[in-house]
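J.: Dropping the sequence and predicted coords here.
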Amino acid sequence: MHENQDEHLIAEQFAARVEANQTALREALKPAYDFIVCGSGSSGSVVARRLAEDPTVSVLLLEAGGTDALPRIQEASRWRENGRTEQDWAFQTRPNPHLNGRSMPWTMGKVLGGSSSINAMAWARGHKNDWDNFAEEASDDGWSYQNVLDIFRDIEDWQGSPDPKWRGSGGLLGIYPLAPSRLSAALFDGAQALGIPCFANQNGQMMEASGGAALGEYLIKNGKRLSIFRNYTYPYMIRPNLTVLTHTLVTRIVVKRARAVGVEVAYEGGLRTFEAGHELILSLGAIHTPKILMQSGVGDADELCKFGIDVVQHLPGVGRNLQDHFLIRACVWEGVSESRREGRNPTAGVFFWKSDRTLITPDLQCLVVDNLFPGPATSRLDTTRSYWSIAPGLVRPMSRGRIHLTGPEPSDPVDIDANILSEPADIRAATRAVQLCRELGNSDAFREFTTQEVMPGECTDDELESFVRDSAVSFHHYAGTARMGRGEMSVVDGSLKVNGIEGLRIADGSIMPNVTTGNTMAPCVVIGERAAAMIRKSHGL
């Protein structure tokens, strides 16, 4: 008890020091900083911390949202309460004919920590082939799996069974596997019966294999969220060379003679410009990064001219290549709810598998959940009854969407054409995922938990396709809208420099040529680490 009180006191004292230092820095804002990082999410927080580690440089971190010091943010189990609040950008996609005319709510964090402050905190590194694809697209071996594996080991403090070949210890990020349950044991038994191997952890050898089942992994300790901002940036906010401005909306990149020299922001009721002495880094995410590029004159010339925006650099790939994972919510069974009875975390485990054996990388990520997974198709069910679910997800989609402008002003919303399920291959993969989950859920391994299958049940091919289109929801893993590569549609090169603009880099999920296999927070951390290392090397820091 005394130890907890001491920890609480130390935390309060540190918070007071942070507030005093940041208040002083805000009251003495400078017209110029060596580095300006726009966005405090899973990549931006990393970049800001790594640059501020050098005391000789000044770093300004800009965040449109406010504080993350709210109980429903800090208490990880309350993550669903954060959607559609002032901490959420609360996007809405355009109606999609491939979803039977539905639009989708897209959540993205508008708060210190970005989406790592409002998400479920799942840690998924991505598959070996994802990173080797990055390296091939960028023509840079620094993005290869073997190189990023070293980064993951350096930043992790793995709390599961030791696995030194694949997992790190002593790093900044505490990674905690879920405690096994009877339902997770059923998952492993049922998966093995279907030929799906089981692994000791999700992010080790399994991500070099054809797929498998494992317990999920989370940045959650004693029920508290371990956001990327809190791990990386917050401890450095007592330093004089790191200024963090909240409620500061980036409105325009200032470009002179093909060089980004600063940024215009909306701050304290007016517009203000800060100069970037060395570099400006955009970490605004796959929706706002292309928006601010286009509204600053960097993008497809035809798109910009529609709104009277002067073309600074014609880059037709800006806003294109939009990707998102989606979940089918959900395959549902009525029966015993272990989480209600024992107060457990309802996620029992995860498995990755291939919808087609000819694929080289698993394209399905399915979650076993010990409750009713909420979604458009499950809203009619009686929530007083006891359920468990399997939510099939497609994590290597072929469909591509696009971010469009609706006007030249920062207040003009983006038009998100998600275009999910537009490719027939995605429908085939999604229906196979549902069939696989039904086969697993109706197997002998889960019999003790089940009184009846609730949905989708036996159905024709047409009924199954309709179920998929009616049930698909966003996994909130947006990526690809400022892709890294060498072709005409690439926006950044392998060092994340924006093509044709000096002094400007992008570090967030928008640079992914192809979205990684699984939740995207962990890959975005590595993108931030890679960006920071390349920036430091460029400037001899």
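T.: Structure received.
J.: Every contact and neighbour count from this point should use C-alpha atoms.
T.: OK.
J.: residues touching T517, list them.
T.: Counting by CA atoms under 8 Å, 6 or more residues apart in numbering, T517 touches 125-127, 130, 362-363, 395-396.
J.: could you redo these as TSV and give each row neighbour count and pLDDT?
T.: Converted to TSV, these look like this (neighbours: other CA atoms under 10 Å; pLDDT from 0 to 100):
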residue	neighbour count	pLDDT
R125	26	98
G126	23	98
H127	23	98
D130	24	98
P362	25	98
D363	25	98
V395	26	98
R396	23	98
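J.: From those residues, pick the one nearest Y234.
T.: R125 (23.3 Å; CA to CA).
J.: Identify the residue nearest that closest one in space, chain neighbours excluded?
T.: A522 (5.4 Å; CA to CA, 6 or more residues apart in numbering).
J.: contact partners of the helix or strand hosting the one you found?
T.: Using DSSP states H and E, A522 sits within helix 521-538. Applying CA under 8 Å, 6+ apart, the contact partners of helix 521-538 are 42-47, 50-51, 116, 121-126, 148, 151-152, 228, 495-496, 507-509, 516.
J.: Over to stretch 235-251?
T.: Stretch 235-251 has contacts (CA under 8 Å, 6+ apart) with 17-18, 21-22, 25-26, 38, 48-49, 52, 55-67, 112, 263-268, 292, 410.
J.: and with 6 Å instead?
T.: With contacts defined as CA atoms under 6 Å, 6 or more residues apart in numbering, stretch 235-251 is touched by 18, 21, 58-66, 264-267, 410.
J.: Flag every buried residue along it.
T.: Within stretch 235-251, the residues that count as buried by 16 or more other CA atoms under 10 Å are 236-239, 241-251.
J.: same question, stretch 65-78
T.: When neighbours are counted by 16+ other CA under 10 Å, the buried residues of stretch 65-78 are found to be 65-66, 68, 72-78.
J.: can you give me the helices in the stretch 151-300 of the chain?
T.: With DSSP state H, counting those that start in this stretch applied, the stretch 151-300 of the chain shows helices at 182-193, 228, 285-295, listed in chain order.
J.: on that earlier part again, the residue nearest to R125 and P413: what is the separation?
T.: A522 is 28 Å from P413, where distance means CA to CA, to the nearest Å.
J.: higher neighbour count, the two?
T.: A522 (22 against 16; other CA atoms under 10 Å).
J.: can you pull the pLDDT of that one?
T.: A522 is assigned 98 on the pLDDT scale.
J.: again with R340
T.: 50.
J.: which residues sit in contact with the closest residue to I196 other than its chain neighbours?
T.: For I196, ignoring the flanking residues on the chain, the nearest one in space by CA to CA, 6+ apart is G212 at 5.4 Å. Neighbouring residues of G212 by CA under 6 Å, 6+ apart: 196-198, 351-352.
J.: Is G212 bridged to anything, and to what?
T.: Bridge pairing for G212 (DSSP bridges) gives the partners F352.
J.: Please determine how far it is located from F352.
T.: G212 is 5 Å from F352, by CA to CA.
J.: in the protein, which helix or strand is least confident?
T.: helix 338-342 (a mean of 51; mean pLDDT, DSSP states H and E).
J.: Let me see the ranges of the strands in the stretch 301-450 of the chain.
T.: 313-314, 326-328, 331-335, 347-353, 364-369, 387-394, 402-404, 415-417, 450-455 (DSSP state E, counting those that start in this stretch).
J.: Tell me where the stretch 1-150 of the chain has helices.
T.: 2-27, 44-52, 71-74, 128-138, 145-155.
J.: E63: how many residues sit nearby?
T.: 27.
J.: Residue ranges in the stretch 251-400 of the chain under the pLDDT threshold?
T.: Residue ranges of the stretch 251-400 of the chain with pLDDT under 70: 337-346.
J.: Could you measure from the spatially closest residue to V369 that is not a sequence neighbour over to R182?
T.: In space, and not counting its chain neighbours, V369 is closest to T347: 4.4 Å by CA to CA, 6+ apart. Using CA to CA, one gets 12 Å for the distance from T347 to R182.
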